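Student: Predicted model and sequence follow; I will ask about them next.
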Amino acid sequence: MSNGKVPKWRKTLYEDNGYPDNYTPPECFLAAIEKNKNLLLYSLWECFSGAAEVGKEMSVVIIFWCCYKFLKTDLLKPETLLVTMLGLLVVGCTMFISRVRKVTFTGLLAGIKTIFLFTIIGFALSPVLYKLTDTISTDTIHSMALSSLLIHLLTSDYGMYAPIVSWQISLNAAVFSTVCLASRFDHHLSAFSLLCLSVFSFLLVPLSRPLLPSPLLSSLLLASAALSLLSCISTPQLCLALLALATVQIACPVMFHRLQADKMTIHGPWDEAVIFTAPQ
Amino acid sequence: MVLTIAMVSDFFYPNMGGVESHIFQVSQCLIERGHRVLVVTHAYGDRVGVRYMTNMLKVFYLPIMPFYNKSVLPTIVCSLPYLRHILLTEKVDLVHGHSAFSSLAHEALLVGTLLNLPTVFTDHSLFGFSDASAIVTNTFLKFSLANTSHTICVSHTGKENTVLRSSVVPERVSVIPNAVDSVAFRPPKVRRNIRSVVTVVLGSRLVYRKGVDLVVEVLPKICRKKFGGGRVRVDFIIAGDGPKRILFEEMIEKHGLQARVVMLGELQHSEMRDKLLAKGDIFLNTSLTEAFCMAIVEAASCGLSVVSTAVGGIPEVLPDQFIYFVQPSVGSIKAGLERAVEDVITGDRPDPWEGNCFVSSAFNWRNVAARTERVYETVCGKERQRLATRVRNMWEGGTVAGPIMAMLYLACHYFILLLDWCES
């Protein structure tokens, strides 16, 4: 007030304004509050694309499981699987070299040497591999394989940073599930082909992310392939897989997008200051 | 009106800190004004039972051990019998809890409202909103303050923060700042002569939230520069310990500043003035968040110029002639320090005793105690709420948590009735 009698209220602690201690003028109280500052909102397209990455990985796991079942029931011959994978590998490599990164001849030679080394060692050790978990009952094997595949899905890198993401754990979990499942085979070639399939689908397929057209299209293709393969095995599993994929790829992004409208963050002078790291 | 006041907190002597000295000083001033004060806290090692401090200040060290971060485990059933016994035997008129981090204080407020006593709570710190621990703490604070008669905060920013966290009505929150003993923190008798060295001092825990990372960057830049036409250099004295101390040691090694930067390590509060503040010309504070910051007031009381980041409640504490405000960035702190050093060299700053006079008139414990007494009188004069109203306040605190806390409150009420029956 400016009549000279009553002093104006000031936001200081060292002077006695003449106002009682519990008085704050309504226009000054919470005057510096800011709501929803620097809010990051995702469009529906971004939500679906993000979920498609997770759906892709789930479809790959389902295809892996189907191949294991086919190998077990002898519907799929190990030799066929190996030849298919080799073909896909060659195609993938040529696409990678032509589109993503130029590789020198020495680099290519080193790559071929690694593949050769891995194949030879894997083939030599596969008789040991399929005897490793032989004595454990099938139910335990299946539940161990399932839990490690779940861990693989949880710790995979889907393009976003989170403390739980660790490619080391996810790859190791996937290979562990392969070792568990390989013990159910009778012939070491089947075990070897399953191991190759596991390395192919859990190590090389994620690396091919830049090659694939768009996450939505590729996730749709992979999901349809996975579900069609699963329909040959059992119907309850097909229904469960369909439900899981639908929840992850459709229901979750829609819910996430809707709930963004409820976001409310409060900022003000009480916030911990953020250190500026601008160059001097 | 003579009152018997029970100050309850986890933080008290022999622990040293802002909350501890606040409780002790306010209790002493209230005793001087004629009231009877007792302090209730948890045991510190062997220190259990009843002790008497200066002027018959009775301190109850309850036999409960601290659990996490110097606070006890909030069991309620463990401390309720003790607190009820103390409050009834000593015929306490009012319960005053200190610090939101102290679970014993919250339990005492609960017991106080159950015994239908007026309750007051003082909040000494700022808190965030966004992480999981903040959400849980703020919910508990909301229930704790639902039935408290009055709340005191140490700054206006603190008041806004507390009101947002606990949804308390703003009229039930008073702002009473902390104070500093301006006799203990006085400028040195012989005024320091600035010939060739200006000393900058820093006294805080060396942790991230005190902004020490910024100091580590700024220090070598300032040490390299010459001031006052090239004849004056700047030296540093740093007191305090913490996880970031190693950064300072590394920086000193890297730039060879052993002669220019002195690390004193952890200092007792009683040694701060003689070993640190009396030897400096400028006090640097780079906290990233601070409700009140007693350190800068202690420095101003000793006559030092203050360079500080303008965060939290700091802009409300000192007027412009005693403080230089900077932003929490290396460039801004460097510019602020340079300005302060140049002003010290030219003598363009207030006399040290002017700072001491200002602090003794604006921030003194007797004034704080008088204002606190006014709060007590307001609170004691109000009509006591019925049990049904208090349970209703708890019930309305939340959709799921509200009914649970209301049930808990009623259960404690019946527990107290049981204890009353057992004792009769």
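Tutor: Cool, got the structure.
Student: Could you use CA atoms for every contact and neighbour count after this?
Tutor: Noted.
Student: Report the buried residues of stretch B:202-213.
Tutor: By neighbour count with 16 or more other Cα atoms under 10 Å in any protein chain shown, stretch B:202-213 contains the buried residues B:202-207, B:209-213.
Student: what about A:Leu181, which helix or strand?
Tutor: Using DSSP states H and E, A:Leu181 sits within helix A:167-182.
Student: Just the CA atoms of the helix or strand that comes right after that helix, as CSV, please.
Tutor: Of the helices and strands lying after helix A:167-182 in sequence (DSSP H and E), the nearest is helix A:188-199. This file holds the C-alpha atoms of helix A:188-199, laid out as CSV (Å, rounded to 0.1, in the frame of the first residue of the first chain):
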residue,chain,number,x,y,z
HIS,A,188,24.3,-83.5,-31.4
LEU,A,189,23.6,-81.9,-34.8
SER,A,190,20.2,-80.8,-33.6
ALA,A,191,21.8,-79.3,-30.5
PHE,A,192,24.4,-77.5,-32.7
SER,A,193,21.7,-76.2,-35.0
LEU,A,194,19.7,-74.9,-32.1
LEU,A,195,22.8,-73.1,-30.7
CYS,A,196,23.4,-71.5,-34.1
LEU,A,197,19.7,-70.5,-34.3
SER,A,198,20.0,-68.9,-30.8
VAL,A,199,23.1,-66.9,-31.7
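Student: right, and the helix or strand after helix A:188-199?
Tutor: Using DSSP H and E, the helix or strand that directly follows helix A:188-199 along the chain is helix A:205-207.
Student: What lies in contact with that next one?
Tutor: By Cα atoms under 8 Å, 6 or more residues apart in numbering or on different chains, no residue outside helix A:205-207 reaches it.
Student: tell me how far that helix is from the chain's mean position?
Tutor: Relative to its parent chain, helix A:205-207 has a centroid offset of 11 Å by Cα atoms, centre = their mean, to the nearest Å.
Student: In the stretch 301-424 of chain B, what residue lies closest to chain A?
Tutor: In the stretch 301-424 of chain B, no residue comes nearer to chain A than B:Glu316, which is 4.3 Å away by Cα to the nearest Cα.
Student: ok, back up a step: which ones among the buried residues of stretch B:202-213 map onto strands?
Tutor: Counting by DSSP state E, the buried residues of stretch B:202-213 place B:202-203 in strands.
Student: and the buried residues of stretch B:202-213, which of them are in helices?
Tutor: Cross-referencing these against helices under DSSP state H gives B:212-213.
Student: could I get the buried residues of stretch B:202-213 as TSV with distance to B:Pro63?
Tutor: Shown next, in TSV, are those (distance: Cα to Cα, whole Å):
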residue	distance to B:Pro63
B:Leu202	38
B:Gly203	34
B:Ser204	31
B:Arg205	30
B:Leu206	32
B:Val207	32
B:Arg209	33
B:Lys210	34
B:Gly211	37
B:Val212	38
B:Asp213	40
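Student: ok, and which of the buried residues of stretch B:202-213 reach chain A?
Tutor: Near chain A, judged by Cα under 8 Å from any Cα of the partner chain, the entries from the buried residues of stretch B:202-213 are B:Arg209.
Student: What is the nearest of the buried residues of stretch B:202-213 to A:Val54?
Tutor: Using Cα to Cα, B:Arg209 comes nearest to A:Val54 of these, at 37.5 Å.
Student: ok, that closest one touching B:Thr309?
Tutor: No - B:Arg209 lies out of contact with B:Thr309 (Cα atoms under 8 Å); the separation is 12.0 Å.
Student: Which residues are in contact with each of these two?
Tutor: With Cα under 8 Å, 6+ apart, B:Arg209 and B:Thr309 have common neighbours B:287-288.
Student: So B:Val77: helix, strand or coil?
Tutor: Classification of B:Val77 by DSSP: H, G, I helix; E, B strand; the rest coil places it in coil.
Student: need the contact list for it.
Tutor: Taking Cα under 8 Å, 6+ apart as the test, what B:Val77 contacts is B:Cys412.
Student: Output the contacting helices and strands for the longest helix seen in chain A.
Tutor: In chain A, with assignment by DSSP H, the single longest helix is helix A:44-72. On a contact count with 3 or more Cα pairs under 8 Å, 6 or more residues apart in numbering or on different chains; DSSP states H and E, helix A:44-72 meets helix A:138-155, helix A:188-199, helix A:215-231, helix A:252-259.
Student: Near chain B, which residues of chain A are found?
Tutor: Taking Cα under 8 Å from any Cα as the test, the list of chain A residues beside chain B reads A:11-15, A:21-24, A:29-30, A:265-266, A:269-277, A:280.
Student: Just the buried ones out of those, please.
Tutor: Using 16+ other Cα under 10 Å, the buried ones in these are A:11-14, A:21-22, A:24, A:29-30, A:269-273.
Student: on that earlier part again, closest one to B:Lys225 among the helices and strands packed on helix A:44-72?
Tutor: With Cα to Cα as the measure, helix A:138-155 is the member of those nearest B:Lys225 (50.9 Å).
Student: elements contacting the closest one?
Tutor: If contacts are counted by 3+ Cα pairs under 8 Å, 6+ apart, helix A:138-155 sits against helix A:44-72, helix A:167-182.
Student: could you list every residue that touches the residue most central in space within chain A?
Tutor: Geometric centre of chain A, nearest residue: A:Tyr158, 3.4 Å, by Cα atoms, centre = their mean. Contacts for A:Tyr158 (Cα under 8 Å, 6+ apart) come out as A:50, A:53-54.
Student: Turn these into TSV, including neighbour count and pLDDT.
Tutor: Output for the contacts of A:Tyr158, formatted as TSV (neighbours: other Cα atoms under 10 Å in any protein chain shown; pLDDT from 0 to 100):
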residue	neighbour count	pLDDT
A:Gly50	18	88
A:Glu53	22	89
A:Val54	21	90
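Student: Just name the closest of those to chain B, please.
Tutor: A:Gly50 (24.1 Å).
Student: And the closest residue to the closest one other than its chain neighbours, how far from chain B?
Tutor: Here the nearest residue to A:Gly50 in space, its sequence neighbours aside, is A:Tyr158; by Cα to Cα, 6 or more residues apart in numbering or on different chains that works out to 7.6 Å. To chain B, A:Tyr158 is 24 Å away according to Cα to the nearest Cα, to the nearest Å.
Student: how about A:Tyr158, secondary structure?
Tutor: coil.
Student: That one and A:Ala51: what is the separation?
Tutor: Applying Cα to Cα, to the nearest Å, the value for A:Tyr158 to A:Ala51 is 9 Å.
Student: For the stretch 1-150 of chain B, what lies in contact range of chain A?
Tutor: So the stretch 1-150 of chain B meets chain A at B:126-130 (Cα under 8 Å from any Cα).
Student: Mind giving me the ChimeraX select for the residues you listed, buried ones only?
Tutor: In ChimeraX, this line selects whichever of the residues of the stretch 1-150 of chain B next to chain A come out buried by 16+ other Cα under 10 Å:
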select /B:126,127,128,129
